[in-house]
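>>> attaching a predicted model along with its sequence, questions to come.
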Amino acid sequence: MSRPAAVVVDGFGFRYAGRTEWAVREAEFRIEPGERVLLTGASGSGKSTLLAAMAGLLGPDAGAACGVLRVDGRRPSEARDRIGILFQDPDSQLVMGGAGDDVAFGLENRGVPVDDIWPLVTAALDAVGFGYSLDRPTHALSGGEKQRLVLAGAMVAGPGLLLLDEPTAQLDPEGARLVRATIARILARRETTLVLIDHDAQPWLPLINRVLEVRFAPTQGTPATLGTYQGAPESLHPSEGHLLPIGSTQGVLESKDSSHCVPESVGIGQGRGVREVAPGWRPAVPVLPPRAQPSAQQAPNHPSEGHLLPMGSTEGALHSENEPVIRAERAGFSYPSGSADLGTPGRAGARPALAPTDVELVAGKVTAITGPNGSGKSTLGLLLAGLKAPTTGRIVASRELAGRLGDRPPHRWRARDLVHRIGTVFQNPEHQFLTGRVRDELSLGPLRAGAGNRAAHDRAEELLHRLGLTAYADANPFTLSGGQQRRLSVAAALATRPAVLILDEPTFGQDSATWTELVSLLAEARDAGTAVCLISHDTHLVTGFADHELRLTLPSTPATPLADIVDHRKTAGFSASSEPETPSSSDDQLGGGRAG
């Protein structure tokens with residue numbers, strides 16, 4: 001039986017190489033063995049940096065550190081055999097070509113007997129709902145499937161300290177429930193200390209017994225919606241859960257001199273550190289922007305404008321007074337026969353990435369594409385964006401969108417033709433960064449679309465300010481936090497004011513303030529006539545912001561419909577479905593049973 005780990009942090013700070021501002025400063029707290037801790041705070045406040053430090057992953061080459069951080073009295077780098085971690089970006093943790101080998105990698109390094117490895121691997125994959133064979137190629141997985149795989153690898157050895165950074169952000173609702181139930185059973189064994197980061201914190205609260213807020217008060221670059229935020233707890237109301245002083249660690253920590261930790265010459269915000277939040281804390285609820293009212297000169301949009309076509313039939317389709325800006329007509333995608341991506345047709349495990357699907361995007365409307373992990377949501381987004389050619393069906397652009405390009409399909413458009421017509425946000429934001437500076441990333445699109453230097457600069461400055469990135473204008477995009485990278489990728493897509501926006505998980509990693517500002521920008525684009533397509537597991541975004549929802553199902557289940565159509569205007573913007581009851585505590589999961 002393993003034992004839960006203890007964590008001591010005293011005056012800890014870290015500054016990444018090449019950056020002038022400290023990512024974390026003056027962090028001081030203690031986590032007792034077996035505690036279940038939620039780290040909250042603004043996007044970019046240093047939560048992920050703290051987790052990486054606890055995992056012993058911030059060596060001298062990564063930057064400058066000060067203060068003390070210990071796991072079971074040892075440096076984290078010396079206690080890695082006791083630590084399991086899930087990063088924000090699961091791709092960064094995949095090391096093997098096969099799913100089973102990837103989970104087994106850590107066990108093999110620890111010298112676990114071969115006969116014991118594969119039962120442990122299988123049990124871990126079953127616990128997180130990984131639905132493929134052990135030899136499934138890791139590069140053929142969707143983002144959510146990769147997240148499940150990496151989570152299995154983090155849990156397989158029964159770590160004394162489990163560090164989870166946005167563990168359900170890329171999972172469908174059922175997958176997220178399964179993961180939370182699995183974590184609850186692990187905690188019920190009382191062998192693991194948990195430190196969790198999740199901006200969708202509400203479903204985790206029954207399993208959490210402490211909340212620590214990483215304080216963040218930058219000197220510039222704060223979204224307008226933060227206003228008087230200044231490091232206030234990320235809660236619904238200031239009175240809901242007051243702040244408690246962290247208990248003294250005198251007599252526990254080794255002596256240290258951290259006076260060198262924060263040079264006076266370095267420009268940083270005030271009010272850094274970590275503080276504890278009392279019981280009663282609740283996460284803030286993001287605010288949805290109102291829909292702009294049409295001006296007197298504009299005819300109001302008819303409530304039936306825009307429709308989605310059911311598979312194989314147009315019966316019951318909503319009447320559309322406007323032609324769609326772009327549409328998919330039985331568009332699907334399969335990898336070539338024999339491709340290592342999805343196997344050879346006819347062999348076990350082979351299936352298309354996206355079954356033939358119909359969808360229409362209409363100017364001034366928001367369409368959400370939802371469905372389980374692996375159903376082809378991101379693939380459909382790439383087809384609509386002209387970044388991948390369908391293997392069945394076609395993508396058709398309206399005459400207004402195509403212009404001089406005529407009947408040429410979007411996947412045959414040149415980059416400079418796409419840039420001001422269709423803006424795209426990838427599931428992994430770092431896959432689309434092309435420059436070495438944040439400001440240049442935002443100027444690049446307008447410049448390629450033909451804007452002058454002054455216009456491109458002004459547009460970049462506007463977006464930097466709106467999304468809280470002004471302080472990082474000269475930073476390398478790859479050094480930003482996950483949430484900051486996501487805001488940058490959305491800003492880059494908005495920079496050219498395209499006619500169509502395809503956004504894959506646009507609200508990933510955002511706190512309530514940055515979520516609100518980001519969605520406000522999308523609402524402004526919608527109200528200006530942009531056709532917006534969201535690919536998201538963010539139920540608050542989908543039910544509150546989308547006009548229509550296209551629900552994909554797994555192509556491997558032909559007995560079920562390939563897509564379900566939901567018109568959110570007929571449900572007052574809220575889905576009728578609700579989440580099953582969450583266990584009141586991890587103790588309710590004692591005895592466990594089968595996951596799910």
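Okay, I see it.

>>> each with direction, which strands does the helix or strand hosting Ala331 pair with?
Element membership for Ala331, per DSSP states H and E: strand 326-333. Paired with strand 326-333 in the same sheet, following DSSP bridges, are strand 354-361 (antiparallel), strand 392-397 (antiparallel).

>>> can you put these in a markdown table and add distance to Gly386?
C-beta coordinates here come from the backbone N, C-alpha and C atoms, glycine included. Formatted as a markdown table, the strands paired with strand 326-333 follow (distance: least, CB to CB, whole Å):
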| stretch | distance to Gly386 |
| --- | --- |
| strand 354-361 | 13 |
| strand 392-397 | 7 |
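
>>> want to throw those into a markdown table with distance to Leu467 and mean pLDDT?
Below are the strands paired with strand 326-333 laid out as a markdown table (distance: least, CB to CB, whole Å; pLDDT from 0 to 100):
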| stretch | distance to Leu467 | mean pLDDT |
| --- | --- | --- |
| strand 354-361 | 24 | 94 |
| strand 392-397 | 29 | 95 |
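
>>> to Pro159, which of those lies closest?
If you check each of the strands paired with strand 326-333 against Pro159 by CB to CB, strand 354-361 wins as the nearest, at 36.5 Å.

>>> next one: the closest one to chain centre, how far?
24 Å (CA atoms, centre = their mean, to the nearest Å).

>>> quick one: name whatever helix or strand follows that strand.
strand 366-370.

>>> which other residues reach that following strand?
172, 306, 308, 359-361, 377, 380-381, 522, 526, 531-537, 541-542, 545-552 (CB atoms under 8 Å, 6 or more residues apart in numbering).

>>> state the mean pLDDT of that strand.
For strand 366-370, mean pLDDT rounds to 95.

>>> quick one: it to chain centroid distance?
Averaging C-alpha positions (CA atoms, centre = their mean) puts strand 366-370 17 Å from its chain's average.

>>> buried ones in stretch 518-526?
518-523, 525-526 (16 or more other CB atoms under 10 Å).

>>> that older thread, of the contacts of strand 366-370, buried ones?
Buried among these by 16+ other CB under 10 Å: 172, 306, 308, 359-361, 377, 380-381, 522, 526, 531-537, 541-542, 545-552.

>>> just the ones of those in helices?
Per DSSP state H, helices hold the following members of the buried ones among the contacts of strand 366-370: 377, 380-381, 522, 526, 541-542, 545.

>>> show me which of those residues is closest to Asp511.
Nearest to Asp511 out of these is Leu541 (CB to CB; 14.2 Å).

>>> hang on, that closest one packs against Val519?
Yes. Applying CB atoms under 8 Å, one finds Leu541 in contact with Val519, separated by 6.8 Å.

>>> common neighbours of the two, please.
Thr507.

>>> ok, now how distant is the closest residue to His540 other than its chain neighbours from Thr539?
Once flanking residues are discounted, His540 sits nearest to Pro286: 6.2 Å by CB to CB, 6 or more residues apart in numbering. Pro286 sits 12 Å away from Thr539, going by CB to CB, to the nearest Å.

>>> for Leu464, pull up the helix or strand it's in.
Per DSSP H and E: helix 453-466 holds Leu464.

>>> after that helix, which helix or strand is next?
Downstream of helix 453-466 (by DSSP H and E), the next one is helix 482-494.

>>> the strand holding Ala331: how far from the chain's middle?
For strand 326-333, the separation from the chain centroid amounts to 26 Å (computed by CA atoms, centre = their mean).

>>> which positions in it come out as buried?
By neighbour count on 16+ other CB under 10 Å, the buried set for strand 326-333 is 326-333.

>>> what does stretch 171-182 give?
Buried, per 16+ other CB under 10 Å, within stretch 171-182: 171-173, 175-182.

>>> ok, now stretch 71-85?
Buried residues in stretch 71-85 (16+ other CB under 10 Å): 71-72, 76, 79-80, 82-85.

>>> tell me the two of these that are most distant?
Counting by CB to CB, the most remote pair of the buried residues of stretch 71-85 is Asp72 and Ile85, 15.6 Å apart.

>>> how near is Leu194 to Thr182?
Shown here: Leu194 relative to Thr182, a distance of 12 Å by CB to CB.

>>> please apply the same query to Arg551.
Taking CB to CB, one finds Arg551 at 25 Å from Thr182.

>>> equivalent analysis for Asn109, please.
Taking CB to CB, one finds Asn109 at 23 Å from Thr182.

>>> with Leu94 instead?
20 Å.

>>> next: Pro555.
Where Thr182 is concerned, Pro555 sits at a distance of 26 Å (CB to CB).

>>> Trp281: neighbour count?
Using other CB atoms under 10 Å, Trp281 has 22 other residues around it.

>>> ditto for the one 4 residues further on
Here the neighbour count serves as a burial measure; for Val285 (other CB under 10 Å) it reads 13.

>>> hang on, the earlier thing: so what's the residue nearest to His540 up against?
Going by CB under 8 Å, 6+ apart, Pro286 touches 512, 515-516, 519, 540.

>>> return the helix or strand in the protein with minimum mean pLDDT.
Every helix and strand of the chain was ranked by mean pLDDT, DSSP states H and E. The lowest is strand 243-244, at a mean of 40.

>>> and which of the buried residues of strand 326-333 is nearest Ala123?
Nearest to Ala123 among these, with distances taken as CB to CB, is Phe333, at 33.3 Å.

>>> what's the spacing between Ala493 and Gly18?
To Gly18, Ala493 is 26 Å away according to CB to CB.

>>> looking at these two, which is more packed in?
Under the criterion of other CB under 10 Å, the comparison of Ala493 against Gly18 puts Ala493 first, with 24 against 9.

>>> the more buried one reaches Gly423, doesn't it?
Yes. Counting by CB under 8 Å, Ala493 touches Gly423, with 3.5 Å between them.

>>> spit out the residues that contact the two alike.
Common neighbours of Ala493 and Gly423, using CB under 8 Å, 6+ apart, are 445, 501.

>>> just the helices in this protein please.
Under DSSP H, the chain gives helices at 47-54, 99-109, 114-127, 143-155, 173-188, 377-384, 399-402, 415-418, 438-448, 453-466, 482-494, 512-527, 539-545.

>>> quick one, which of the ones you listed gets closest to Pro429.
That would be helix 482-494 among those, by CB to CB, at 3.7 Å.

>>> where are the low-confidence patches of the chain?
Within the chain, the ranges that satisfy pLDDT under 70 run 1, 216-272, 293-322, 337-351, 556-596.

>>> and the most centrally placed residue in it, how close does it get to Glu145?
The chain has Phe508 as the residue nearest its centroid, 3.1 Å off, counting by CA atoms, centre = their mean. Distance of Phe508 to Glu145, computed by CB to CB: 16 Å.

>>> distance to Pro279 added to the buried residues of stretch 518-526, as JSON lines?
Shown next, in JSON lines, are the buried residues of stretch 518-526 (distance: CB to CB, whole Å):
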{"residue": "Leu518", "distance to Pro279": "31"}
{"residue": "Val519", "distance to Pro279": "30"}
{"residue": "Ser520", "distance to Pro279": "32"}
{"residue": "Leu521", "distance to Pro279": "36"}
{"residue": "Leu522", "distance to Pro279": "35"}
{"residue": "Ala523", "distance to Pro279": "35"}
{"residue": "Ala525", "distance to Pro279": "41"}
{"residue": "Arg526", "distance to Pro279": "40"}
